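Chemist: whatever this is, show me its structure:
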Amino acid sequence: MFRKTFAKIRARMAAKLKNPRFKKIIFHTFRHWKATTEYNKTKDILYIMELLGHRDIKTTLMYTQLVNFESDEYNSATAKTTKEAKELVEAGFEYICTTPQDVMLFRKRK
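Modeler: Numbers count the residues shown, from 1 in each chain. From the prediction side, this is the model:
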C-alpha cells in the first residue's frame, strides 16, 4: 500500500514540476544517497560498508565513484565561548578539537 501511495506522489510531483526524472526515484535511491553523502563526509569506506550491511567491500566501492572529490577545501573558524560554538554549528561547521588554550576549532567544506 505504501508503495502505491509513493508512486502516486512521485507521479504528481513529476507532472507538477514537469520533470519526468521524479518517476525514476525508488526507495533504493535514498539508500544510495545516504551512503554517498556519508562517504563524502567521512571518506571511510569501511564505515559505509558497515552502515549498509555489505559483506564484500567491492559492493560498497561503487559509492566512491559517485562522489565528486574536487572540493576537499575547508573554511576554518574558531570559537572561545559556547555561544560562538553553537552559532558555528548552526551555520554548518563541524567541530574538530579544542586547543590547550581552550579555543575550539571548526571547519566546513567550501
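Chemist: got the domain boundaries for the chain?
Modeler: For the chain, automatic domain parsing gives the domain ranges 2-66, 74-109.
Chemist: for these, which has the smallest mean pLDDT value?
Modeler: Sorting the domains of the chain by mean pLDDT places domain 2-66 lowest, at a mean of 85.
Chemist: dump the domains of the chain to JSON lines, plus mean neighbour count.
Modeler: Just so you know, the C-beta spots here come from the backbone N, C-alpha and C atoms, and that holds for glycine as well. Shown next, in JSON lines, are the domains of the chain (neighbours: other Cβ atoms under 10 Å):
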{"stretch": "domain 2-66", "mean neighbour count": "13"}
{"stretch": "domain 74-109", "mean neighbour count": "13"}
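Chemist: in a strand, Ile96, correct?
Modeler: Yes - checked against DSSP: H, G, I helix; E, B strand; the rest coil, Ile96 lies within a strand.
Chemist: nearest spatial neighbour of it, chain-adjacent residues omitted?
Modeler: Computed as Cβ to Cβ, 6 or more residues apart in numbering, the closest residue to Ile96 that is not its neighbour in sequence is Leu105, at 4.4 Å.
Chemist: how near is the residue minimising distance to the centre of the chain to Lys80?
Modeler: The centre of the chain sits closest to Thr37, judged by Cα atoms, centre = their mean, with a distance of 3.0 Å. Using Cβ to Cβ, to the nearest Å, Thr37 is found at 31 Å from Lys80.
Chemist: surely Leu46 is in a helix?
Modeler: Yes - the assignment for Leu46 (three-state DSSP) places it in a helix.
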